[in-house]
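Undergrad: no sequence on this one, just coordinates:
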């Protein structure tokens with residue numbers, strides 16, 4: 001971005017120096033604003049700060065009952081956002097892009113901003129009053145997320161005497177209304193159609209990283225066109241690094257911040273760590289978390305970082321995202337083999353014959369591994385889960401590995417860890433006979449089968465012809481997210497014992513977790529896996545049944561007579 005001509009900003013710099021706000025001219029965006037006739041007006045900045053620190057009272061946590069004293073980063077945003085004015089007196093900034101990690105107080109801060117703009121910000125055409133009949137909206141990826149923002153605003157209104165006198169909370173409709181001015185805040189349904197006909201003075205876009213569509217954002221962005229000084233408040237944490245609204249808005253904001261693009265109407269605040277530094281580096285953590293020492297303590301962050309490093313690959317990814325505010329890939333390693341090792345010890349599977357268990361089956365489509373996992377819940381609530389596997393693979397796959405110099409399949413077959421089936425393709429009938437034999441041997445309450453491809457017919461055959469308690473299970477995030485989370489927790493607690501099976505240890509190390517769904521839910525991504533993960537998929541299917549979670553993605557078959 002080229003700097004503005006010096007002759008256009010000379011008068012503005014002279015005025016700023018005389019009035020004492022020259023330090024607020026920090027970059028070429030501000031110099032362009034001067035050239036456009038914008039000025040910083042102290043009384044507007046002071047008015048907004050006073051609203052927070054004299055009008056608002058914290059309603060939750062250790063600060064409950066205390067005045068809302070702005071932290072330095074919050075004060076800087078408030079003063080710049082409301083102090084910079086256009087030549088006719090309206091607010092310079094039309095958008096606030098605030099990007100920071102969780103637990104830095106962004107929910108309460110954004111609630112305060114929305115309440116101020118709705119009811120208390122001076123009308124630029126008449127400074128003695130606020131703008132009448134103002135409309136403010138909360139837009140989010142789901143109604144549940146919107147409810148959180150409404151609850152935070154409602155708590156502030158009920159706790160703060162100034163707001164309580166002027167505003168009324170309607171929880172049933174998720175509205176906060178000023179009877180005096182007719183202004184209100186409202187949580188919107190997460191559909192673009194909900195923005196039709198609105199004349200928004202302010203919109204809070206809550207957690208943009210979770211917004212799946214740009215339609216609602218686009219509809220709301222222009223809903224305030226007839227307002228004197230509309231404001232969009234975009235406050236979010238990092239999301240998954242994939243195409244979409246979040247990445248587009250983040251990249252645009254960084255371009256403006258880094259002076260690569262001229263836009264004097266967006267105020268950018270980005271707090272994030274350095275991806276090249278260790279995640280437990282105190283300076284890196286402080287850099288990413290501007291509320292260190294206030295809403296979050298540095299020693300707690302360091303401990304959480306080291307716990308993540310001692311945990312799974314997923315733990316590290318989640319820490320980077322939520323504590324360092326770094327985008328993470330949709331695909332990432334799940335559980336490291338050395339972490340899997342913690343709970344492994346040999347056990348006598350024959351001793352479990354009468355004990356109830358759940359089964360999970362991952363069936364090869366043509367010529368890959370097939371795997372059966374039997375999972376025994378602990379007899380005591382905090383006890384150890386036991387897991388045992390059977391693996392089948394066509395002989396051709398073993399020969400192919402040996403030709404490539406990999407003797408592991410042959411060695412595992414010699415040890416009886418995998419069953420090599422004749423031919424080049426998966427022998428479904430042999431596998432079916434073996435499963436029936438194991439069902440005679442063990443007390444299988446339910447058997448969950450990957451219902452994709454041949455799995456659908458295979459499940460029907462097991463249920464209808466063999467009279468086994470087989471159910472079909474989808475392989476998307478709806479079926480896998482919660483079981484994967486529970487398995488991960490058991491591994492960290494050393495409460496999942498797979499008997500030290502080396503085939504399973506290898507497959508665990510190959511597994512890749514992919515984040516999908518509205519909230520970054522997980523599922524196994526076989527296409528991105530380092531190698532075979534069929535035993536992991538079978539374990540997840542078994543755990544899904546063991547959780548007894550009602551699931552629309554699970555189907556039981558009705559016997560055919």
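TA: Thanks, I have the structure now. Quick caveat, the model's predicted, so the values are computed rather than measured.

Undergrad: Count the residues that sit near residue 254.
TA: Close neighbours of residue 254, defined as other C-beta atoms under 10 Å, add up to 16. C-beta: built from backbone N, CA, C; applies to glycine.

Undergrad: Could you grab the helix/strand/coil label for residue 186?
TA: For residue 186, the secondary-structure state derived from DSSP: H, G, I helix; E, B strand; the rest coil is strand.

Undergrad: give me the low-pLDDT residue ranges for this structure?
TA: Applying pLDDT under 70 to the chain picks out residues 8, 141-143, 190-197, 210-214, 225, 241-243, 329-331, 453-455, 517-520, 548-561.

Undergrad: How far away from the center of its chain is the longest strand anywhere in it?
TA: With secondary structure taken from DSSP state E, the chain has its longest strand at strand 385-394. Here strand 385-394 is found 33 Å from its chain centre; the criterion is C-alpha atoms, centre = their mean, to the nearest Å.

Undergrad: What is the subsequent helix or strand relative to it?
TA: Counting by DSSP states H and E, the element after strand 385-394 in chain order, helix or strand, is helix 395-403.

Undergrad: ok and that following helix relative to strand 385-394, angle-wise?
TA: Interaxial angle, helix 395-403 versus strand 385-394 (axes from the mean of the first three to the mean of the last three C-alpha atoms, to 10 degrees): 90 degrees.

Undergrad: now what about helix 395-403, what contacts it?
TA: Contacts to helix 395-403, defined as C-beta atoms under 8 Å, 6 or more residues apart in numbering, come from residues 367-369, 407-410, 413, 420-425.

Undergrad: where along the stretch 401-550 of the chain do the strands fall?
TA: Using DSSP state E, counting those that start in this stretch, the strands found in the stretch 401-550 of the chain span residues 419-421, 443-450, 470-473, 496-497, 512-516, 521-524.

Undergrad: so which of the ones you listed gets nearest residue 360?
TA: strand 443-450 (5.0 Å; C-beta to C-beta).

Undergrad: packing partners for the closest one?
TA: strand 356-362, helix 428-441, helix 455-460, strand 470-473, helix 534-547 (3 or more C-beta pairs under 8 Å, 6 or more residues apart in numbering; DSSP states H and E).

Undergrad: and the fourth one, which strands flank it?
TA: Each strand that strand 470-473 pairs with, and the sense of that pairing, follows from DSSP bridges: strand 443-450 (parallel), strand 554-556 (antiparallel).

Undergrad: winner for burial among the ones you listed?
TA: Of all the strands paired with strand 470-473, strand 443-450 carries the top mean neighbour count, a mean of 22, counting by mean count of other C-beta atoms under 10 Å.

Undergrad: and the angle for it with helix 534-547?
TA: 120 degrees.

Undergrad: List the contacts of strand 443-450.
TA: So strand 443-450 is in contact with 353-363, 374, 435, 438-439, 455, 458-459, 462, 468-473, 475, 537, 541-542, 544-545, 554, going by C-beta under 8 Å, 6+ apart.

Undergrad: Now list the buried members of the residues you listed.
TA: 357-363, 374, 435, 438-439, 455, 458-459, 462, 468-473, 475, 537, 541-542, 544-545, 554 (16 or more other C-beta atoms under 10 Å).

Undergrad: can I get the strands of the stretch 401-550 of the chain in a markdown table with distance to residue 162?
TA: What follows is these, written out as a markdown table (distance: least, C-beta to C-beta, whole Å):
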| stretch | distance to residue 162 |
| --- | --- |
| strand 419-421 | 74 |
| strand 443-450 | 57 |
| strand 470-473 | 55 |
| strand 496-497 | 54 |
| strand 512-516 | 42 |
| strand 521-524 | 41 |
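
Undergrad: and residue 135, which of the ones you listed is closest to it?
TA: Nearest to residue 135, of all these, is strand 521-524, at 33.6 Å by C-beta to C-beta.

Undergrad: Span of stretch 101-118 from start to end?
TA: 26 Å (C-alpha to C-alpha, to the nearest Å).

Undergrad: Could you do stretch 136-151 as well?
TA: 15 Å.

Undergrad: Distance from the chain centre to it, please.
TA: Worked out by C-alpha atoms, centre = their mean, stretch 136-151 lies 16 Å from the chain centre.

Undergrad: How about residues contacting it?
TA: Contacts for stretch 136-151 (C-beta under 8 Å, 6+ apart): 107, 110-111, 114, 117-118, 171, 174, 176, 183-190, 195, 198, 200-207, 210-212, 216-217, 220, 518-519.

Undergrad: From the residues you listed, which land in strands?
TA: Short answer: the contacts of stretch 136-151 in strands (DSSP E) are 176, 184-187, 202-206.

Undergrad: How much space separates residue 280 from residue 307?
TA: Per C-beta to C-beta, to the nearest Å, residue 280 is found 10 Å from residue 307.

Undergrad: The contacts of stretch 136-151, buried ones only, as a PyMOL selection?
TA: A single PyMOL command is used to select the members of the contacts of stretch 136-151 judged buried by 16+ other C-beta under 10 Å:
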select buried, resi 107+110+111+114+117+118+174+176+183+184+185+186+187+188+190+195+198+200+201+202+203+204+205+206+207+210+211+216+217+220+519
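
Undergrad: Now residue 319. Its backbone dihedrals?
TA: phi -60, psi -40 (degrees, to the nearest 10).

Undergrad: ok, now which ones touch it?
TA: 279, 304-305, 308.

Undergrad: Ok, residue 3 next?
TA: 28, 31.

Undergrad: Is it within a helix or a strand, and which one?
TA: Per DSSP H and E, there is no helix or strand for residue 3.

Undergrad: returning to what we had before: quick one: strands adjacent to the longest strand of the chain?
TA: Here, using DSSP bridges, strand 385-394 pairs with strand 370-376 (antiparallel), strand 419-421 (parallel), strand 496-497 (parallel).

Undergrad: most tightly surrounded among these?
TA: strand 370-376 (a mean of 27).

Undergrad: That strand to strand 356-362, inter-axis angle?
TA: 160 degrees.

Undergrad: Serialize the ones in strands among the contacts of stretch 136-151 to CSV and add fields for distance to residue 41.
TA: Shown next, in CSV, are the ones in strands among the contacts of stretch 136-151 (distance: C-beta to C-beta, whole Å):
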residue, distance to residue 41
176, 28
184, 27
185, 26
186, 30
187, 32
202, 20
203, 24
204, 24
205, 27
206, 29
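
Undergrad: Show me the helices in the stretch 201-350 of the chain, by range?
TA: With helices called from DSSP state H, counting those that start in this stretch, the stretch 201-350 of the chain shows them at 215-221, 245-257, 282-288, 298-310, 313-323, 337-340.

Undergrad: Out of the ones you listed, which is the most enclosed?
TA: helix 313-323 (a mean of 21).

Undergrad: Give me the distance from it to the chain's centre.
TA: Worked out by C-alpha atoms, centre = their mean, helix 313-323 lies 11 Å from the chain centre.

Undergrad: go on, stretch 96-103?
TA: 14 Å.

Undergrad: Can you list the neighbours in contact with that stretch?
TA: 77, 81, 106, 110, 113, 231-238, 249-250, 253, 266-272, 288-291, 295-296, 322-325.

Undergrad: what's the neighbour count on the nearest residue to residue 532 once chain neighbours are set aside?
TA: Using C-beta to C-beta, 6 or more residues apart in numbering and skipping residues adjacent in sequence, the residue nearest residue 532 is residue 369, 5.2 Å away. A count of nearby residues for residue 369, using other C-beta under 10 Å, gives 24.

Undergrad: repeat for residue 42
TA: 12.

Undergrad: from memory it sits against residue 83, does it?
TA: Yes: assessed by C-beta atoms under 8 Å, residue 42 is found in contact with residue 83 at 6.7 Å.

Undergrad: For these two, list the residues in contact with both.
TA: Common neighbours of residue 42 and residue 83 (C-beta under 8 Å, 6+ apart) are residue 21.
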